[in-house]
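1. The sequence and its predicted three-dimensional model are supplied below.
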Amino acid sequence: MNLKTKIISIPLGSRHVKLKVVSNLDELLVDVADADAIPFWAELWPASLALARWLTRTRNLQGLKVLELGAGLGLAGIAAALQGARVTQTDYVDKAMEMAGENARLNGLEEVIQIVDDWREFQMEEEFEIILGSDILYEPNLHPYLTEIFNRNLRPGGQIILADPGRLYGRQLIGELTNLGWRLETGEEKVVYDNKNYLIDIYTLTRGEKNEI
């Protein structure tokens, strides 16, 4: 399918990020047969916008290795790369990684890496200092896989930074992780998206010495 796309501009601090997005999401919903085929990747979610702005406002990521999970269109990873991070973006949908790569290059970020990988069969062994995720906690059946990735792919002392729109399942996983020894800091980021106001939770989890899966 040749998707119709358009370029939008997202203000991030003193910059404006160019983002290629799908013009008509309804085109992607034709003949969707199962949950895995729902095109969540094609939506610019408020949590992604919140995380991108939060990173821009609060973090110097110069030289840090950053993994973005469920990258979709790639905005949060782009924000991290603009802050100096060495970013690897992952999603289980080929088209998502194709567009995320285009979006990185639109902003002059040739070194951002895109890899197709499924949390349920995650192949990556590399460790990162930061793991990012925007609204990725919505499905409790995926929480064990995410927890395994956090433990395997985050360096000791590293941080997970998650943006979540206040989902109950998200709060449950955050509680489970803190019970396993992760140190938690919380924040909030207000965004206006599609003429609606959102208050997005920002969770920063620091890996301790005794985290367990």
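-> Arrived safely. Numbering: from 1, shown residues only.

2. switch to C-alpha atoms for all contacts and neighbour counts from now on
-> OK.

3. ok, the nearest residue to Asp94 once chain neighbours are set aside - contacts?
-> Using Cα to Cα, 6 or more residues apart in numbering and skipping residues adjacent in sequence, the residue nearest Asp94 is Val116, 6.1 Å away. For Val116, the contacting residues are 90-94, 97, by Cα atoms under 8 Å, 6 or more residues apart in numbering.

4. do Leu44 as well
-> 21, 73.

5. Need the per-residue pLDDT for it.
-> Looking at Leu44, its pLDDT reads 88.

6. For the spatially most central residue of the chain, give me its contacts.
-> Geometric centre of the chain, nearest residue: Gly133, 3.2 Å, by Cα atoms, centre = their mean. Gly133 makes contacts with 68-71, 161-163, as judged by Cα under 8 Å, 6+ apart.

7. now Leu109
-> Leu109 sits next to 78, 81-82 when contact means Cα under 8 Å, 6+ apart.

8. Shouldn't Gly84 be within a strand?
-> No. The assignment for Gly84, made by DSSP: H, G, I helix; E, B strand; the rest coil, is coil rather than a strand.

9. isn't it right up against Arg59?
-> No. Using Cα atoms under 8 Å, Gly84 is not in contact with Arg59, being 9.8 Å away.

10. So between the two, which is more surrounded?
-> Between Gly84 and Arg59, Gly84 has the larger neighbour count (other Cα atoms under 10 Å), namely 16 against 12.

11. List the beta-bridge partners for Gly133.
-> Beta-bridge pairing of Gly133 under DSSP bridges involves Leu69, Leu162.

12. how much space between it and Gly77?
-> Separation of Gly133 from Gly77 (Cα to Cα, to the nearest Å): 9 Å.

13. Now do the shared contacts for the two.
-> With Cα under 8 Å, 6+ apart as the test, Gly133 and Gly77 both reach 68, 71.

14. quick one: low-confidence ranges for this structure?
-> 1-2, 24-41, 209-213 (pLDDT under 70).

15. In it, what residue spans correspond to strands?
-> Secondary structure of the chain by DSSP state E: the strands cover 5-12, 15-22, 65-69, 86-91, 113-116, 128-134, 154-164, 183-193, 196-206.

16. Redo those strands as a markdown table? Include distance to Leu49.
-> Shown next, in a markdown table, are the strands of the chain (distance: least, Cα to Cα, whole Å):
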| stretch | distance to Leu49 |
| --- | --- |
| strand 5-12 | 8 |
| strand 15-22 | 11 |
| strand 65-69 | 14 |
| strand 86-91 | 16 |
| strand 113-116 | 19 |
| strand 128-134 | 9 |
| strand 154-164 | 9 |
| strand 183-193 | 7 |
| strand 196-206 | 10 |
